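> give me a 3D structure for the following:
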Amino acid sequence: MKRLYSKISFVAITLISLISLSSCHNMPVGYLKAENAGYEPDTLVVYQEVDEYAPQVTDNSPWTSYAIQGVAGTVPITYEFYDVEATEGGDAAAFRQAIQEGTIRLQGSLIQVFYAASKNLPVGRYSISLKVQNEDHSALLPHIFTVIIKKNEFGDWDNGSYGDEDIDYTSLRTK
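Predicted structure coming up:
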């Protein structure tokens, strides 16, 4: 009887162990919370024409966003470009090509746009969607950041004027 009890106990313990170990097999590792993710500011303005002594030209320094905020999770957390939409004259295919060439890149969550990309992309507005992920979790962050490419950093005054053509200077003279 004692031997039968030992065999039954051994089989029961073995079955319970196997069941408990197999139930943990597909458990996701860690967590990822990105519901409140965002950039502050969420827009980066870059220029096709800059001063020849600007760091973007002399040192190949990129225009760089701030780091993303509101993402929490088990490390390592990685970011990748998911999609881009172009408006106001922009070209999404050319933007994707610049990503492939490395003239637009993600360094962690920092978005960097190099001068080579700004020179070659058409003037426009580019809305970027990112994918954030860790080992077992991922989240899509649609339209989380905007890159605006403008002609030059001097605004509309690239024609040599200072925007003061409509001022009547004769009325300012003193007698």
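
> same question for the longest strand along the chain, mean pLDDT?
Of all the segments of type strand in the chain, defined by DSSP state E, the longest one is strand 138-152. Strand 138-152 shows a mean pLDDT of 97.

> low-scoring stretches of the protein, by residue?
1, 18-27, 155-175 (pLDDT under 70).

> where exactly do the helices run in it?
Using DSSP state H, the helices of the chain run over residues 2-23, 55-58, 92-101, 115-120.

> on that earlier part again, check which helices and strands the longest strand of the chain sits against.
On a contact count with 3 or more CB pairs under 8 Å, 6 or more residues apart in numbering; DSSP states H and E, strand 138-152 meets strand 43-49, strand 78-87, strand 110-113, strand 124-133. (Glycine included, C-beta is placed from N, CA and C.)

> quick one: contacts of that strand?
Residues outside strand 138-152 that contact it (CB atoms under 8 Å, 6 or more residues apart in numbering): 32, 34, 37-39, 42-50, 65, 68, 82-83, 85, 90, 95, 104, 111, 113, 118, 121-133, 158.

> coming back round to it: for residue 7, find the nearest of the helices and strands packed on strand 138-152.
strand 124-133 (48.6 Å; CB to CB).

> what's the closest one packed up against?
Strand 124-133 sits against strand 78-87, strand 138-152, with contacts defined as 3+ CB pairs under 8 Å, 6+ apart.

> now the longest one, how far from the chain's geometric center?
The chain centroid and the centroid of strand 138-152 are separated by 7 Å, computed with CA atoms, centre = their mean, to the nearest Å.

> what strands line up against it, and which way round?
Here strand 138-152 has these sheet partners by DSSP bridges: strand 43-49 (parallel), strand 124-133 (antiparallel).

> which one of the ones you listed lies nearest to residue 75?
Across these, residue 75 has its closest neighbour in strand 124-133 (11.7 Å, CB to CB).

> what's the spacing between that closest one and its chain's center?
Taking CA atoms, centre = their mean, the mean C-alpha location of strand 124-133 is offset from the chain mean by 6 Å.

> for that strand, buried residues please.
The neighbour-count check on strand 124-133 (16 or more other CB atoms under 10 Å) flags 124-128, 130, 132-133 as buried.

> ok, now stretch 101-118?
If you call a residue buried by 16+ other CB under 10 Å, then stretch 101-118 has these buried ones: 103-106, 109, 111-118.
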